[in-house]
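# Okay, here's the prediction I keep looking at, along with the sequence it came from:
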Amino acid sequence: MLHRFIMLALLAPAALCAQAPLEYAQRRADLVQKMPEGAMVILGAREPSRDYESFVQAPSFRYLTGFMEPDAALLLVRRGAELRMAVMFVQPRVPSREAWTGERVGVQGIQNRTGMVGRPSTDLFRVLDSLGNQGLVINVVGDVASIVPLPDQVRTADEQLIDRLKARDPKVRVALVNTVVEELRGRKSATEITLIRNAVDLTMRAFLEVIPAIHQGMNEFELEALIEYTFRRNGADGPAFASSVGSGPNSTTRHYTTNDRFFGVTDLVVMDVGASYKGYAADITRTVPVSGVFSPEQKDIYQLVRAAQTAAERQATNGTAARLMTDSANATIARGLARLGLIDGPDATYDCSAGAQPRQCSQYRLYFMHGIGHGIGLEVHDPEQFYFGGRIQPGSAFTIEPGVYVRERIIEELPLTARNQQIAARIRQAVTRYKNIGVRIEDDYISTTSGVERISLVPREIEEIEALMKTPSAGVAARDEFRVEKYRAGP
């Protein structure tokens, strides 16, 4: 009964307005079901200090409203089983200012668009202060790391709002409830899955176009530019995150974004990129040889990483504990590294600290130091429902991305202990053989009631990559009008 009342409160006027998608109203209704009693304010991102800087909306606020203007906020008030208030605070229209910012929706416009009461953003503090003085808990969703300031902490704009409320009346109760919205975001709707598919499709197209163009003497920034141009040319918002194009020794850096080295003929190139489509991110990584053919050493590492990805994929089924993907990939990598002589054994450890009683860490972590994957959605590292429930379920959207990185100076990174010196002596020859070889393979997956599906179908087997690199490059392809029209129409 409560859910039906909330839907009527949040949906009825909005249904009259074609610009207010019912999906956003449904998300808000779902949130009211989960929110604690009291007030909940979901804060949008603030306007950049300079009007020529890019504005990026706060993902949780965007998820609940679809509203893309700065300095906005959504306020919901629930008392018992009744939704008492649903207000959108937005910047009022100031025509003289709109010459710089573009036309704003304004207070009346937001009310027509969403069916919720609209108020000027300048009223937000006064309304929150009043609710807090009435004894309601102010539950905050925003860019907040801590309610109480920490020593020497630079406070975000959202944290400063909390500080002002508490400074005005220390008895006002404020709680941080980001995870309430993040848990909702973890389960993707059919519309969100379509948006993610479109982002992945755009990213796949870029890989298929640029991989045949890779050659000795090319620069990392040239490849980056071709990839991102292909994104935008075909209808993407742009890159979903800073593109990483790392060649040779740069392939062994986990998040390398300098992108300014020229390719050598014996290099591998790791491309970790993803298009953004209507706010939703893809995230795909491919590793290819500049020469067009993997060397024996490069093959050794590449096949190991692919085996780890396959092991994780076998565990990626509905209802399965997500940690099994990690366990299977880690075990595969540890066995493979031991076989190549890069570690002493699958269960071998090293001293990862010095001192009388050094802490022990797994040796395979010297080469595989990150997780097996993450959720994707409005953020490239988006909340995923198995973060909360532990299991893959319909509505999951995530990556699987094992990697092995043989850094040339990896032995120098070991803490200086007698035991580590002995380990270094045993693995030095293998490190020299495989140095500067970094491989990561990353794919995107969605889960529906039909099961888990890999949706990033870019060639990833050695023979497939070598065949693709032999394909003559025709240069930058013409814009795909079919795709652009399809994306323009939306899901």
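Looks like it arrived, so ask away.
# so how far is stretch 162-181 off the chain centroid?
The chain centroid and the centroid of stretch 162-181 are separated by 27 Å under CA atoms, centre = their mean, to the nearest Å.
# Contacts for that stretch next, please.
Stretch 162-181 is touched from outside by 31, 34-36, 40, 42, 60, 63-64, 125, 128-129, 132-133, 137-142, 144, 146-147, 149, 155, 388, with contacts defined as CB atoms under 8 Å, 6 or more residues apart in numbering. For glycine as for every other residue, the C-beta is placed from the backbone atoms N, C-alpha and C.
# Now the buried members of those.
Buried by 16 or more other CB atoms under 10 Å: 31, 35, 40, 42, 60, 63-64, 128-129, 132, 137-142, 144, out of these.
# SS state for G371?
Three-state assignment for G371 (DSSP: H, G, I helix; E, B strand; the rest coil): coil.
# Then L223?
Using three-state DSSP, the structure places L223 in helix.
# and what of D444?
Classification of D444 by three-state DSSP places it in strand.
# thinking it is in contact with V458, fair?
No - counting by CB atoms under 8 Å, D444 does not reach V458; the two are 10.0 Å apart.
# what sits in contact with each of these two?
Common neighbours of D444 and V458 (criterion: CB under 8 Å, 6+ apart): I284.
# which of these two has more neighbours?
Neighbours per residue, other CB atoms under 10 Å: of D444 and V458, the larger number sits with D444, 27 against 22.
# Spit out the contact partners of the more buried one.
I196, V200, A282, D283, I284, I376, A397, F398, T399, R454, I455, S456.
# what's the nearest residue to it if we skip its chain neighbours?
Nearest residue to D444, sequence neighbours excluded (CB to CB, 6 or more residues apart in numbering): S456, at 4.4 Å.
# how many neighbours does T65 have?
Neighbour count of T65, defined by other CB under 10 Å: 27.
# got it, and A418?
7.
# now do G274
The burial count for G274: 29, using other CB under 10 Å.
# now swap in the one 4 residues further on and tell me
Here the neighbour count serves as a burial measure; for K278 (other CB under 10 Å) it reads 18.
# now F262
F262 has 14 neighbouring residues, counting by other CB under 10 Å.
# Then the one 4 residues further on?
When counting by other CB under 10 Å, one arrives at 14 neighbours for T266.
# For L342, see how far away the spatially closest residue to D351 that is not a sequence neighbour is.
Sequence neighbours aside, P358 is the residue nearest to D351 in space, at 3.7 Å (criterion: CB to CB, 6+ apart). Noted for P358: a distance of 21 Å to L342, by CB to CB, to the nearest Å.
# what does S243 give?
Separation of S243 from L342 (CB to CB) stands at 29 Å.
# Would you mind telling me which of these two has more residues around it?
L342 (25 against 21).
# give the contact list for the more buried one.
By CB under 8 Å, 6+ apart, the contact list for L342 reads Y367, V406, I427, A430, V431, Y434.
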